[in-house]
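Novice: Following is a predicted model, sequence given first.
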Amino acid sequence: MLIAYVLVVLLATMWPTPLDQGYQASIQKFLEVLHRTGVPEWFGYSKLEFSANVLMFVPLGFLVVMILPTKVWWLALIVCPALSVAIELSQAVFLSARFATVLDVIANSIGAIVGGFFAVVLRAVVHQRDEKMIARTLWERGVRS
C-alpha cells in the first residue's frame, strides 16, 4: 500500500504541469461554495493549496510509521520531509512549469506528522488491547487449570 501511495504522490507532484492548471474557474467556484457554507473569506486559493498539500502527506506519514518497527517510528519524521524536499528540488531542477516552495515542504511535513501521530496512537491502542487480551487469556487458563 505504501508503494502504491508513494507512486500516486510522485505522479501528482512530478507531473510536468501543475495539476490545477486549467481548473482555475472550477477552483474559484469551489471556494465560493465553501464561503457560502460558512468557511471564512480569508480561506482562499493559497490556503486551499496548502491544505491539499497537508492532506496529501497525511496517509504517507501514517503508512511510513506503520511499516517501520515500533521502536524507530520516529524515522518517519525524517523520511517524509526528506521525500518532500527531494520532490521540491526535482520540481525546481526538472520541471519548468512547476513551482518549488519551502511552504510546500512545510505543508507536506505537517501532513506527515499528523499521519504519523494517528499511526502512533493506533499502535498504542492496539497494543493496549492486545495486552488486555493476553492477560485475560492467561487468567482464564489459570482458572480452568
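Specialist: On my side now, so go ahead.
Novice: which residue packs closest to the spatially most central residue of the chain, ignoring adjacent ones?
Specialist: The centroid of the chain falls nearest to residue 58 when counting by Cα atoms, centre = their mean (1.7 Å). Distances taken as Cβ to Cβ, 6 or more residues apart in numbering place residue 115 nearest to residue 58, at 4.0 Å, with adjacent residues excluded. (C-beta placed from N, C-alpha, C; glycine too.)
Novice: what about that neighbour, how many residues close to it?
Specialist: Per other Cβ atoms under 10 Å, the neighbour tally for residue 115 reads 24.
Novice: cool, and the one 5 residues further on?
Specialist: Neighbour count for residue 120, taken as other Cβ under 10 Å: 18.
Novice: Would you map the helices across the protein?
Specialist: With helices called from DSSP state H, the chain shows them at 2-14, 24-36, 45-67, 76-94, 102-144.
Novice: can you put those in JSON lines and add mean pLDDT?
Specialist: Shown next, in JSON lines, are those (pLDDT from 0 to 100):
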{"stretch": "helix 2-14", "mean pLDDT": "95"}
{"stretch": "helix 24-36", "mean pLDDT": "95"}
{"stretch": "helix 45-67", "mean pLDDT": "97"}
{"stretch": "helix 76-94", "mean pLDDT": "96"}
{"stretch": "helix 102-144", "mean pLDDT": "93"}
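Novice: looking at these, which is buried most?
Specialist: Among these, ranked by average contacts under mean count of other Cβ atoms under 10 Å, first place goes to helix 45-67 (a mean of 19).
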